[in-house]
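Chemist: quick one: sequence and predicted model below, then my questions.
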Amino acid sequence: MLAFRLALRNLLGAGLRTWLNVIVLSFSYVIIIWNKGLLEGWDRQARNDMIKWEMGGGQLWHEAYDPYDPFTLSDSHAMLPLEFMEQAADSLAVPVLITQGTLYPGGRMQPVVIRGIPINQQLLLLPSALMQGDTTVINAMIGTSMAENTGLKEGNYVTLRWRDRNGTFDAAEIRIAGIFETTVPTVDVGQLWLPLEKLREMMMMPGEATMIVCGKDLSGMAVPEGWVYRDLDYLLIDIENIIKSKGAFGMIVWGILLLMAMLAIFDTQVLSIFRRQKEIGTYIALGMTRGGVVKLFTMEGAMNSVLATLIGALYGVPLLSLQAVKGIAIPMKGSDFGIAMAERLYPVYSIALVTGTVLIVLIVTTIVSYIPSRKIAKLNPTEALRGRIQ
Amino acid sequence: MDNETVIKIEGLKKHFRMGAGQFTALNGIDLSFGKGEFTGIIGPSGSGKTTLLNIIGTLDAPSEGHALILGRSVGQLSPPESASLRKTQLGFIFQTYNLFHVYTVFENVEFPLLLQGLDQAKRRKMVLDALEWVGLSDKAASRPAQLSGGESQRVAIARAMVKRPAVVLADEPTANLDAANSHNILQTMVKLNEELRTTFLFATHDEKVIGYVRRKIFLLDGRVARDETIVKN
């Protein structure tokens, strides 16, 4: 308690020197929390959007389906398992048939992944109802990025070529019945959506699907033969890895910020011990033990982070709260990254994040303050009183 | 004068390592000091005055011989024991005052009492008493930077005296002061010595100080060259 009291008195008495350290340290606090909160918000938003637009509660894949190998598409389809037929009818499960094709917008050749989805599905946010209407034409829908890349607009006709189940090439004019906007590039970039029944007809695969998007998690349930269940942990592993890699970069930034702040503290401590030799000698002469002086100097250093927490809270709480409510405008589209990213990101600042950051900085500051202070334990007080220590 | 011995030194030697050899700062000192003495340890630079004061102040240990302070052998005290002795029984006054610049006068004087863990009300009373002894009650809220040299040294005296120590050790206390301030400081210490019966030991070669002490111990090359007690009328 005495060390705390004296340390506070010494720190506040040191004036500008203290406040410069405290302000630098408070920047580190706020930027670390902001950075982590932004990634946390992005992670949460990306997960939510991908679940709502693409993943559902989990997916049942045909055992041959590999989303990273388009050559598997010709073999990865089968009749919808009977137990899912009924659920599919109730929109609790959404069958999706996937194949490859080529679009010829404006005479150019554009490889696409063709996905058939029931028009009346309501499980996913995909606006499949856009494909309703005139059944004499093949209605399709694409995302805004796809529309931008191909130059297609709503109502345009374009030639689509595909191979049916026998490997025979076929082609037809399709009509872009709707263009949708999404934050999930995996349902947009390079994707062409058709009504499931129409695609089955084109592919000569009646009643078949490549995958079934489930309305709820089916982990632990018996999986039909020839199908593999993929839960959300599996399906979201890519976004998790991407965000982790962004997080690793963020860690480097935090490390640099923390290092700078810690260097300031370390430098101050080393200088303090050099400049305040007479003071240290006087403390000992007045009856403090060397250990007591080490404790006092360590406490002074550590208290920088306590003051930084308070100062950081003064401007950080309103600033970060405002961002959490208003969001941060992202200058590029998520499709540029290839992962789900909204136009505005809403950082998420949890209590665990804030207290964790404060604790980490406090512990590191205390260690950094203690290391140079140990020198005091070896000081000869008579030399210190004369200010002769080098 | 009460002759109760508070400090007893026998065969005291202190060597310092200097390069490959060693320098002997104190070379066989035998002295004793009674309660309430007002003594000057006088000698040129390098005669061992400060070393002797440091050993009596338990800031340093003898190389040979014994130094008993209030019945306790300096060489055998553990660091916490010597810190405890300094905290309660020894007061220090330095040539350069050694005040804490970020503290007020009040806080500087209060510091030794904080180390003793006294409660706030008691501390406050003792600090105000000490400031009154040295005539600085009106400067309690000032910072050391706002004080003159004489005032700063009076604050240092108040800090040394506030805990009512048995012994006050003053190392060249007037070296940085002009004549008027030196006399003022010395008169203050004489008054406190008489009122509180605290033993004062000065390391000095200042003629002004020498004029006030009642016992003069002359050191030369680490030995006691002369020990004179002055009988004043």
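Modeler: Cool, got the structure.
Chemist: alpha carbons only for contacts and neighbour counts from here, please
Modeler: Fine.
Chemist: for chain A, which residues are neighbours of chain B?
Modeler: For chain A, the residues in contact with chain B (CA under 8 Å from any CA of the partner chain) are A:2, A:9-10, A:13-14, A:278-279, A:282, A:284-289, A:381-382.
Chemist: and the residues you listed, which are buried?
Modeler: The neighbour count (16 or more other CA atoms under 10 Å in any protein chain shown) marks A:10, A:13, A:278-279, A:282, A:284-289, A:381-382 as buried among those.
Chemist: and the furthest pair within these?
Modeler: For these, the maximum inter-member distance is 25.5 Å, found between A:13 and A:382 (CA to CA).
Chemist: from chain B, which residue is nearest to chain A?
Modeler: Residue nearest to chain A within chain B: residue B:87 (3.9 Å; CA to the nearest CA).
Chemist: C-terminal to the helix or strand hosting that residue, what's the next element?
Modeler: Assigned by DSSP states H and E, residue B:87 falls within helix B:79-89. Going down the chain from helix B:79-89, the next helix or strand is strand B:90-93, by DSSP H and E.
Chemist: wait, does the very next helix or strand once past that next one contact chain A?
Modeler: Per DSSP H and E, the first helix or strand lying C-terminal to strand B:90-93 is helix B:105-116. Yes. Judged by CA under 8 Å from any CA, helix B:105-116 comes into contact with chain A through B:112, B:114-115.
Chemist: OK, contacts around residue A:377?
Modeler: With contact taken as CA atoms under 8 Å, 6 or more residues apart in numbering or on different chains, residue A:377 is in contact with A:290-291, A:294.
Chemist: helices - which of the residues you listed land there?
Modeler: Under the assignment DSSP state H, the contacts of residue A:377 contribute A:290-291, A:294 to helices.
Chemist: residue A:50 contacts residue A:184, doesn't it?
Modeler: Yes. Residue A:50 is in contact with residue A:184 according to CA atoms under 8 Å; the separation is 6.2 Å.
Chemist: which element is the spatially most central residue of chain B on?
Modeler: Centroid-nearest residue in chain B: residue B:169, 1.1 Å away (criterion: CA atoms, centre = their mean). Using DSSP H and E, the element containing residue B:169 is strand B:167-171.
Chemist: do the same with residue A:177
Modeler: Secondary structure assignment for residue A:177, by DSSP H and E: strand A:169-180.
Chemist: can you tell me which of the residues of chain A next to chain B lies closest to residue A:147?
Modeler: Comparing the residues of chain A next to chain B against residue A:147 with CA to CA places residue A:14 closest, at 63.2 Å.
Chemist: now, which of the buried ones among the residues of chain A next to chain B lie within helices?
Modeler: Those of those lying in helices (DSSP H): A:10, A:13, A:278-279, A:282, A:284-285, A:381-382.
Chemist: where does confidence bottom out across those residues?
Modeler: Lowest pLDDT within those is found at residue A:13 (82).
Chemist: is it true that it touches residue B:107?
Modeler: No. Residue A:13 lies out of contact with residue B:107 (CA under 8 Å); the separation is 11.8 Å.
Chemist: so which of residue A:50 and residue A:184 has more stuff around it?
Modeler: Set side by side, residue A:50 and residue A:184 show more neighbours around residue A:50, with 27 against 24, by other CA atoms under 10 Å in any protein chain shown.
Chemist: secondary structure element for the more buried one, which one?
Modeler: In this structure, residue A:50 sits in helix A:16-50 according to DSSP H and E.
Chemist: which strands or helices does that helix pack on?
Modeler: If you count contacts as 3 or more CA pairs under 8 Å, 6 or more residues apart in numbering or on different chains; DSSP states H and E, helix A:16-50 packs onto helix A:237-275, helix A:290-326, strand A:344-345, helix A:351-373.
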